[in-house]
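S.K.: Mind folding the following:
(one chain, ligands or ions: 3)
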Amino acid sequence: MDTRAAVLDAPGQPLVLETLSLDAPRAGEVLVRLGASGVCHSDLHVRDGHWKRPLPAVLGHEGAGLVEAVGDGVTSVESGDHVVLSWWYPCRRCRSCASGRAWACSGTRAGESLLPDGTTRLQRESGEPVRAYLAIGTFSELAVVPESAAVRVSPDVPFDVASLIGCAVTTGVGAVLNTARVPAGASVIVLGCGGVGLSVLMGARLAGAGPIVAVDRSKEKLDLARELGATQTAASSEEAHGFLGEGADFVFEAIGLPVTIEAVQGLLAPGGTGVLVGLTPQGVPVSLDAYTFVDRGLRLIGSNYGSSDPAVDFPRLAGLYLEGALPLDRLVSHRIGLDEIEEAFDAMRRGERARSVVVF
Ligand SMILES: NC(=O)c1ccc[n+]([C@@H]2O[C@H](COP(=O)([O-])OP(=O)(O)OC[C@H]3O[C@@H](n4cnc5c(N)ncnc54)[C@H](O)[C@@H]3O)[C@@H](O)[C@H]2O)c1
Ligand SMILES: [Zn+2]
Ligand SMILES: [Zn+2]
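M.R.: Ligands and ions are numbered 1, 2, ... in the order given. A predicted model of the protein is given here:
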């Protein structure tokens, strides 16, 4: 079968829309017709060459859709199911998987953008194989993914909202609930109010944290942050500094710039925890004031994919949306076509749009 997909050939080049051929799902694989795919800053990092990744590849790693067919031995989903796709499909056998840390799975081949058997189902007409980014490549009408990447969720969640559970929401809400385990009443500062930072904000609100200070250089983002429960907003970390007296119990960095990562420690109250969620280009060091860090008893933790297990967290987050506890639909600011991803990247570079979502 054929699929229209947005392909990255080399770092720094624009994505090109192509028709690729897609083989049927083999044993343990699932064919998904994408309903929606969010555009995450991590796609932009790859597009701009900040991270070295195997290419050519269909980008996109934040998607949801409908199961169209399953390969032999697939038991957890069937045709007609609505699924959210995980960008780190767990092997379910390694030590991390066995201890409930699917986000740290070492048996997956997701990092190579390959299926468990080390291949891809996508090819160009010339026969050249094309990888699917993180083995899901959601900027495509169709995708063949490993069974453990396709997690069934309630069909009541619209695809545009469900797609964001695949990355931004699980990353942001998970950083609060799973990684940092923020208790009720804790004070929180969130640096960056894109799809990930706004999800951190919603998670903090859900956890009963407060006050919650949102920081972004874009006024449009701060207005949305206030509607989603930020008690105060600031245009910079310097401006946020004055708000909480002694500092915050938790500071989440959801931008990925050295300058904002380095601002985290100065915003923390004694004994406070900094949570790094934003990702810099590879190989970029940041510095901290080690004396003060120790003297004030601070903690700094990295949060990868919200310390999630997709099979547990995706249905839980979908349920919280359906109950009205997480207004995830507010993240969907722009619905776009597959041919408008470069425009979405440009807007993202300018700090605009909560989330652009490709709707198929
Ligand atoms: N840890 C993980 O597992 C994980 C998962 C997904 C994304 N990420 C990373 O999280 C980061 C955020 O992703 P996103 O999709 O929300 O990005 P985004 O581009 O949508 O949002 C970033 C926000 O930061 C703001 N900003 C930029 N520079 C600023 C500055 N100097 N001061 C204040 N605000 C500033 C922008 O206005 C924008 O609102 C990226 O680095 C992404 O790669 C990490
Ligand atoms: Zn992402
Ligand atoms: Zn594993």
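
S.K.: if I look at the residue nearest to residue 172 when sequence neighbours are not counted, how far off is ligand 2?
M.R.: Counting by C-beta to C-beta, 6 or more residues apart in numbering, residue 199 is the residue found nearest to residue 172 once chain neighbours are left out, at 2.5 Å. C-beta: built from backbone N, CA, C; applies to glycine. As for residue 199, its distance to ligand 2 is 11 Å (criterion: C-beta to the ion, to the nearest Å).

S.K.: Does residue 199 touch residue 173 like I think?
M.R.: Yes. Counting by C-beta atoms under 8 Å, residue 199 does reach residue 173; the two are 5.3 Å apart.

S.K.: what about these two, which has more around it?
M.R.: Set side by side, residue 199 and residue 173 show more neighbours around residue 199, with 34 against 29, by other C-beta atoms under 10 Å.

S.K.: Could you check how far the more buried one is from ligand 1?
M.R.: Applying C-beta to the nearest ligand atom, to the nearest Å, the value for residue 199 to ligand 1 is 8 Å.

S.K.: Does that residue belong to a helix, a strand or coil?
M.R.: What DSSP: H, G, I helix; E, B strand; the rest coil gives for residue 199 is helix.

S.K.: same thing with residue 252?
M.R.: strand.

S.K.: pLDDT score assigned to it?
M.R.: At residue 252, the model reports a pLDDT of 98.

S.K.: these two touch, right, it and residue 275?
M.R.: Yes. Using C-beta under 8 Å, residue 252 makes contact with residue 275 at a distance of 4.8 Å.

S.K.: So for the two, which sits in the more crowded spot?
M.R.: residue 252 (33 against 23).

S.K.: how about that one, what does it touch?
M.R.: In this structure, residue 252 makes contact with 175-176, 180, 188-191, 197, 200, 204, 275, 277, judged by C-beta atoms under 8 Å, 6 or more residues apart in numbering.

S.K.: now, which of these sits nearest ligand 2?
M.R.: residue 277 (10.6 Å; C-beta to the ion).

S.K.: who's in contact with the residue nearest to residue 43 when sequence neighbours are not counted?
M.R.: Closest residue in space to residue 43, ignoring its immediate chain neighbours: residue 59 at 4.9 Å, by C-beta to C-beta, 6+ apart. Each residue near residue 59 by C-beta under 8 Å, 6+ apart is listed here: 6-8, 15, 43, 46-47, 133, 137, 139, 341.

S.K.: one more time with 10 Å, if that's ok
M.R.: Applying C-beta atoms under 10 Å, 6 or more residues apart in numbering, one finds that residue 59 lies in contact with 5-8, 15, 37, 39-40, 42-44, 46-47, 53, 113, 132-134, 137-140, 341.

S.K.: which of the residues you listed are close to ligand 2?
M.R.: Near ligand 2, judged by C-beta under 5 Å from the ion, the entries from the contacts of residue 59 are 40, 42.

S.K.: Tell me which of the contacts of residue 59 fall in helices.
M.R.: Within those, residues falling in helices by DSSP state H are 42-44, 46-47, 341.
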